[in-house]
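**Student:** 3D, please:
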Amino acid sequence: MEVEIIETVAEFGALAEPWRVLGCATKARPFQDFAWVSAWLHSLSAVGSLRVTAPWDGPRLLAVLLLIVRRHNFVRALE
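**Tutor:** Residues are numbered from 1 along each chain as shown. Predicted coordinates for the structure are as follows:
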């Protein structure tokens, strides 16, 4: 297993097809769909830096952990 840390919108966009395959395999709900999450993350981009963790088993995406780094009174927090 390899874990990828995604920090840019371009890298995040490359998850679209593997995410769709993962969603079909796991019977994901609409709020877990790539398009919905992508829109949500774009709305958050003004308040923090993107950090998405994506574990892979070869070419297969296993999961996605969506995080953002924000600054609060000179302290960086991973949320």
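
**Student:** show me what the lowest-mean-pLDDT helix or strand in the chain is packed against.
**Tutor:** One helix or strand of the chain scores below all others by mean pLDDT, DSSP states H and E: helix 34-44, with a mean of 83. The contact analysis (3 or more Cβ pairs under 8 Å, 6 or more residues apart in numbering; DSSP states H and E) places helix 34-44 against helix 9-13, helix 16-26, strand 65-72. Bear in mind the C-beta positions are built from the backbone N, C-alpha and C, glycine included.

**Student:** following it, which helix or strand shows up next?
**Tutor:** Per DSSP states H and E, the first helix or strand lying C-terminal to helix 34-44 is strand 49-57.

**Student:** which strands and helices sit next to that following strand?
**Tutor:** By 3+ Cβ pairs under 8 Å, 6+ apart, strand 49-57 packs against strand 2-6, helix 9-13, strand 65-72.

**Student:** quick revisit: could I get the helices and strands packed on helix 34-44 as CSV with mean pLDDT, distance to Pro55 and mean neighbour count?
**Tutor:** Listed next are these as CSV, based on pLDDT from 0 to 100; distance: least, Cβ to Cβ, whole Å; neighbours: other Cβ atoms under 10 Å:
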stretch, mean pLDDT, distance to Pro55, mean neighbour count
helix 9-13, 88, 15, 13
helix 16-26, 94, 11, 14
strand 65-72, 86, 8, 13
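
**Student:** which stretch among those comes nearest Ala35?
**Tutor:** Evaluated over these, closeness to Ala35 peaks at helix 16-26, with 8.2 Å, by Cβ to Cβ.

**Student:** please identify which of the helices and strands packed on strand 49-57 is closest to Arg29.
**Tutor:** strand 65-72 (14.7 Å).

**Student:** how about the CA coordinates for that closest one, as CSV?
**Tutor:** The C-alpha atoms that make up strand 65-72 are tabulated as CSV, following Å, rounded to 0.1, in the frame of the first residue of the first chain:
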residue,chain,number,x,y,z
LEU,A,65,-9.3,11.5,4.0
LEU,A,66,-10.1,15.1,3.4
LEU,A,67,-8.2,17.6,5.5
ILE,A,68,-7.4,21.3,5.4
VAL,A,69,-4.7,23.3,7.2
ARG,A,70,-5.9,26.5,8.8
ARG,A,71,-4.2,29.2,10.8
HIS,A,72,-5.8,30.2,14.2
